[in-house]
Every structure is written in C-alpha cells, then in structure tokens.
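A.B. asks: here is a sequence together with a model predicted from it:
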Amino acid sequence: MSQPVAQKLPSKIRGSRKPWTPERYEILVKAIANSIKAMGSSFVRPALPANVPKDAPESGEWHGLSNDILALIPRYKDLYEKRKAAPGGKKGHNGGLEQHIYLSQAMTLFFNRSGVLGNNQLPIDQIAGGLGICTRALFTSAMVAYAEQHNLKHPTEKKYIMPDQALQLLITPQGFEALKTSKPKVEKKRKEGAKPKKNNPKVLILERDGQQVLHFSFDAIPTICNLFIVPLPPRAIDATHKEQLAAVRAFLHNLTEGRKTVRAAATKAARANKKQEKLQSSIVPTQVLSLNAGGGGGAAIPIAAFNPGFQIPQQQGQ
C-alpha cells in the first residue's frame, strides 16, 4: 500500500498586517471552541483514567470556556466594522518613526535654542522634569538641518557630518564609542551571490582643512537619538503638543524641500556647463599639427602662434 504524499510546506510563511475578516475569524474561533469541548469530554470518559490530573476541570467548565470564546465572534465583527468606518482608513502620525518619545532636557534645550527650528519649539513636559516631546523622524530631520545650517557636512564625503563643539559636548566621548560598537537590532540576511556591501562605519576620521577630524555618518543619527531618549512613555499628549509638533514638522519639511530645489538647480547648471564645454571643444580646434622636414607628423602648435590676434569664437547659448 502506497504511503500518502506529504504536503510540501512553504519555505517561508509570510504574515499579513491586514486584519482577519469576520468570516475567517469565526471559522478559527469555532475550531478552537470545538477543540476545547473535545478536551473536556476526554477527561470525563478517559481511555486511561490514571492519566487524568486530579484538579482537571469538570465538563461543565469546559463547555463554559467554549461558550466564552464563541462570544468573541460578534465582538470582533463589531470592531472590524468600526475600523473600516474610521475616517480615511489611514495611519496617523503615531507609529514607528512618528511615535511620541521623551527627549532628555539637554537635547531638548539644544534644539530649541539652536535656531534650527525657526520660531518653533519642541513641546516641553514641565511636570516630567523638562523633558521634550518629539519623534524619531523629527529628531533626524532637525539634526540634518543643523548640519546644513552650520556647514558640518564633509566637502566630498557628503554622508559624514562633523560634530561641532556643541554636539561634542552633548554626545561625549562615551557616546562616540557607543556609536562605533553599535549594531542593528536585526541583521539583514544577504542574498547568495550578492555584491559585498561597502563598509560605511558610523564614526570615521576624515581630513578637513588639513587636519584629521572625527565625523559621524547620517546612518548614525538614529543611534544618537537613542542616546537621548528617556525610556518612559510620554504622558497624555494634548492638542497643544500636537500643534507644536505639527508646526515643527512643517518647518523642517519646507527646509528639506528647499535644499532639494537648490541641489537640483546646481546639478542642472553643472550638467549644462559640461555639455557646453564638450560642444565647444568638438567644434573649434585650438591646435594644428606642424610637418617637420622629414615629412613626419610634428608637435601640436596652438593656432594663436600663427595668428596672435586669433580668438576662439564664443558659442551662442543653446
């Protein structure tokens, strides 16, 4: 007699963030409830009475537990319908990088007094000891804006930022040591045959104005944020706090869009100049070859040597 072929399981089970439909939830809950009833029956009429625990529940308790689980079905359906009816069905600014956090008093005062937030301020919880209310995303945006404002980015290695005196006092040498040894919470698995990833340390010493200066990378900013997060959930965030954070978010967003516009214009101008230079060099010769007495090719001689008054004509704008 042939053995049944085992069903091949998927190599990786992928979860879904979408909620179960009420129909699927009902099927699963009923299966669990029926299993609980079967367990109760096995204790009432067991095949091996000696294996039944002395404090095993009675059959009525098993049926009661099964009925309690079945009562979750209408409750889940009600919650599912309310979630679908929510306005927009979109996530608010309170998840992941936008989750509210407490910043230390020192970092809060640094951002509020540095001018990087314009006329805006991070909200401060005075009852909590002057802790600032912020998000990880706003922290990163404010740190990048501060680096741009004080010209702290390396001239060639744009990914690296030089800490000025204020940042050095905040991060401290112990903080920089922590950046060197920090590792991601979850190591990403590399695909077979993938190219080796370029090593970009979070802390690097680079030459700047003829001196070797310590820099930290853009990728280190989330780790720096962790150094100043107070591990306490913020108290109730009221409407005033949310308005202040929204103003900070809008101001930093406008700064980012402004930097993008300036960089795009500079890149476009550089590309146009390069194209113009290439076109000019391909149309107008600046040298001629002289023939020596032996009939061979001689050295290149500038045209101006034959005609001192000669000038390379300027190309008209495209």
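C.D. replies: Everything's here; your move.

A.B. asks: skipping its backbone neighbours, what lies nearest H100 in space?
C.D. replies: P234 (4.8 Å; Cβ to Cβ, 6 or more residues apart in numbering). All C-beta atoms are positioned from the backbone trio N, CA, C, and that covers glycine.

A.B. asks: surely that neighbour is within a strand?
C.D. replies: No. Going by DSSP: H, G, I helix; E, B strand; the rest coil, the assignment for P234 is coil, not a strand.

A.B. asks: quick one: contacts for it?
C.D. replies: Neighbouring residues of P234 by Cβ atoms under 8 Å, 6 or more residues apart in numbering: 100-102, 125, 128, 133.

A.B. asks: where does this protein have low pLDDT?
C.D. replies: 1-17, 43-47, 51, 55, 57, 85-96, 184-188, 283-318 (pLDDT under 70).

A.B. asks: domain assignment for it?
C.D. replies: Under automatic domain parsing, the residue ranges defining each domain of the chain are 22-84, 96-183+201-254.

A.B. asks: where do the strands sit along the chain?
C.D. replies: For the chain, applying DSSP state E gives strands covering 100-103, 124-125, 131-135, 160-161, 203-208, 211-217, 229-230, 287-291, 297-302.

A.B. asks: please name every helix or strand in contact with the first one.
C.D. replies: Spelled out, it's strand 100-103. strand 131-135, strand 229-230 (3 or more Cβ pairs under 8 Å, 6 or more residues apart in numbering; DSSP states H and E).

A.B. asks: out of those strands, the one nearest P173 is which?
C.D. replies: Closest to P173 of the helices and strands packed on strand 100-103, according to Cβ to Cβ: strand 229-230, at 19.9 Å.

A.B. asks: where's the closest one relative to the chain centroid, distance-wise?
C.D. replies: Here strand 229-230 is found 19 Å from its chain centre; the criterion is Cα atoms, centre = their mean, to the nearest Å.

A.B. asks: which strands and helices sit next to that strand?
C.D. replies: In terms of contacts (3+ Cβ pairs under 8 Å, 6+ apart), strand 229-230 is packed against strand 100-103.

A.B. asks: quick one: strands adjacent to the strand it packs on?
C.D. replies: Each strand paired with strand 100-103, and its direction, by DSSP bridges: strand 131-135 (antiparallel), strand 229-230 (antiparallel).

A.B. asks: what angle do the lengthiest helix in the chain and strand 131-135 make?
C.D. replies: If you go by DSSP state H, the chain has its longest helix at helix 239-283. Angle, helix 239-283 to strand 131-135, by axes from the mean of the first three to the mean of the last three Cα atoms, to 10 degrees: 50 degrees.

A.B. asks: all helices for the stretch 51-200 of the chain, in order.
C.D. replies: 59-70, 72-84, 105-114, 136-149, 165-181 (DSSP state H, counting those that start in this stretch).

A.B. asks: distance to N200 and mean neighbour count added to these, as a markdown table?
C.D. replies: Converted to a markdown table, the helices of the stretch 51-200 of the chain look like this (distance: least, Cβ to Cβ, whole Å; neighbours: other Cβ atoms under 10 Å):
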| stretch | distance to N200 | mean neighbour count |
| --- | --- | --- |
| helix 59-70 | 52 | 15 |
| helix 72-84 | 41 | 12 |
| helix 105-114 | 25 | 17 |
| helix 136-149 | 17 | 20 |
| helix 165-181 | 12 | 13 |
